[in-house]
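Q: take a look and give me a structure for this.
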Amino acid sequence: QVHVVESGGGLVQAGGSLRLSCAASGRTFSYYAMGWFRQAPGKEREFVASVSWNGGSPDYADSVKGRFTISPGNAKNTLYLQMNSLKPEDTAVYYCAARPTTYYSGPYSANEYDYWGQGTQVTVSP
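A: This is a model prediction of the structure:
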């Protein structure tokens, strides 16, 4: 069993920054891909960013390129998402996902991830 937990969401003004954290515990893995998705009210869940266990070859949605940075943490099976220059359209519930894999070939679609957190709310005010 794998348990994924996100943290770090909150309310911020447009132009501000937030850093989201994610940690997977339980039956963890040596090789994996981890990613962030988000879902705004009334919209489909969408890909934000993903990265391999060693931090190589990160992938980003066009809407966040240059503003968000994804990185693995120093501890195994941890992940961060640094979000800068936030916009009201970034408002959503952000989800962390994990996929065991020995070879990273992201970005992966949501249904290719095996484990998900419960999400953390990010609200950006105008």
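Q: H3 versus the residue sitting nearest the centre point of the chain, what's the distance?
A: Of all residues in the chain, the one closest to the mean position by Cα atoms, centre = their mean is W36, 2.1 Å from it. Plainly put, W36 is 17 Å away from H3 if you go by Cβ to Cβ, to the nearest Å. C-beta: built from backbone N, CA, C; applies to glycine.
Q: hang on, the earlier thing: correct me if wrong: the residue nearest to the centre of the chain contacts V51.
A: No: assessed by Cβ atoms under 8 Å, W36 is found out of contact with V51, at 9.3 Å.
Q: overlap of the contact sets of those two?
A: Common contacts of W36 and V51 (Cβ atoms under 8 Å, 6 or more residues apart in numbering): 70, 79.
Q: one step back: and the residue nearest to the centre of the chain, bridged to which residues?
A: W36 has these beta-bridge partners by DSSP bridges: A49, C96.
Q: repeat that for C22.
A: Per DSSP bridges, the residues bridged to C22 are E6, L79.
Q: show me where the protein has its strands.
A: For the chain, the strands defined by DSSP state E occupy 2-7, 10-13, 18-26, 32-39, 46-52, 59-60, 68-72, 78-83, 92-100, 115-116, 120-125.
Q: need the ones you listed in TSV (columns: mean pLDDT and distance to S109).
A: Listed next are the strands of the chain as TSV, based on pLDDT from 0 to 100; distance: least, Cβ to Cβ, whole Å:
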stretch	mean pLDDT	distance to S109
strand 2-7	94	17
strand 10-13	98	28
strand 18-26	94	18
strand 32-39	95	10
strand 46-52	96	7
strand 59-60	97	12
strand 68-72	95	17
strand 78-83	96	18
strand 92-100	96	10
strand 115-116	96	13
strand 120-125	98	21
